[in-house]
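> below: sequence and its predicted model.
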Amino acid sequence: MNVQEFSRRADACAGKLYAVAYCTLRSEADCEDAVQEALLRAWRKLYALRGEEFFETWLVRICINESRRILRRRTLRGELPLEEAAQAAAPPPEDPALRDAVRALELRWRLPIVLHYIDGYSEKETAAILRLPVSTVKWRLREGRARLRARLEEKEEAQ
């Protein structure tokens, strides 16, 4: 894969990379750092890509790892995310209650839901990205939906 092909394919999945990073980090600046670092790491490790047909899932996996690394570093330093700044810069969501419910999920439930329902990956692709068996992804999607439903019903009853 040459530089032009890498750039074209990386640009095509930049939105998905940002969404995956935001799912973990929730800070615009951290998301941009994670995506940039993931692209840099992918370019440096391009030789490790087993097949060009796996480029997108490989790149998303690198972005997930980088997002987790940034989150770990931030947690160890005791830093807090700048959620207020990220929310001010983001466009208003179509359904704020759903967005808040998804954000409140643990990462193990949130990542499969974002990858499958928001980014449009199949269950098999989501499993490959997360390095989990397909059955585990299906279970996490089902459990995540149940947790979302319960959280939304709680909010509805409280109003």
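Here it is on my side, so go on.

> quick one: mean pLDDT over stretch 40-49.
Per-residue pLDDT values over stretch 40-49 give a mean of 87.

> ok, residues contacting that stretch?
With contacts defined as CB atoms under 8 Å, 6 or more residues apart in numbering, stretch 40-49 is touched by Met1, Phe6, Ala10, Phe55, Trp58, Leu59, Ile62, Glu66. Bear in mind the C-beta positions are built from the backbone N, C-alpha and C, glycine included.

> can you get me the start-to-end distance on stretch 114-134?
16 Å (CA to CA, to the nearest Å).

> for it, which residues meet the burial criterion?
Neighbour counts over stretch 114-134 (16 or more other CB atoms under 10 Å) mark Val114, Leu115, His116, Asp119, Tyr121, Glu125, Thr126, Ala127, Ala128, Ile129, Leu130, Leu132 as buried.

> ignoring the adjacent residues along the chain, who's closest to Ile64?
Val20 (5.9 Å; CB to CB, 6 or more residues apart in numbering).

> wait, what's in contact with the one you found?
Contact partners of Val20, counting by CB under 8 Å, 6+ apart, are Val60, Cys63, Ile64, Ser67, Leu111, Val114, Leu115, Asp119.

> in PyMOL, select just the buried ones from the contacts of stretch 40-49.
Remark: buried members of the contacts of stretch 40-49, expressed as a PyMOL selection using 16+ other CB under 10 Å:
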select buried, resi 6+10+55+58+59+62+66
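
> let me have the contacts of stretch 40-49 in TSV, extended by pLDDT.
Output for the contacts of stretch 40-49, formatted as TSV (pLDDT from 0 to 100):
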residue	pLDDT
Met1	75
Phe6	85
Ala10	88
Phe55	88
Trp58	88
Leu59	90
Ile62	91
Glu66	90
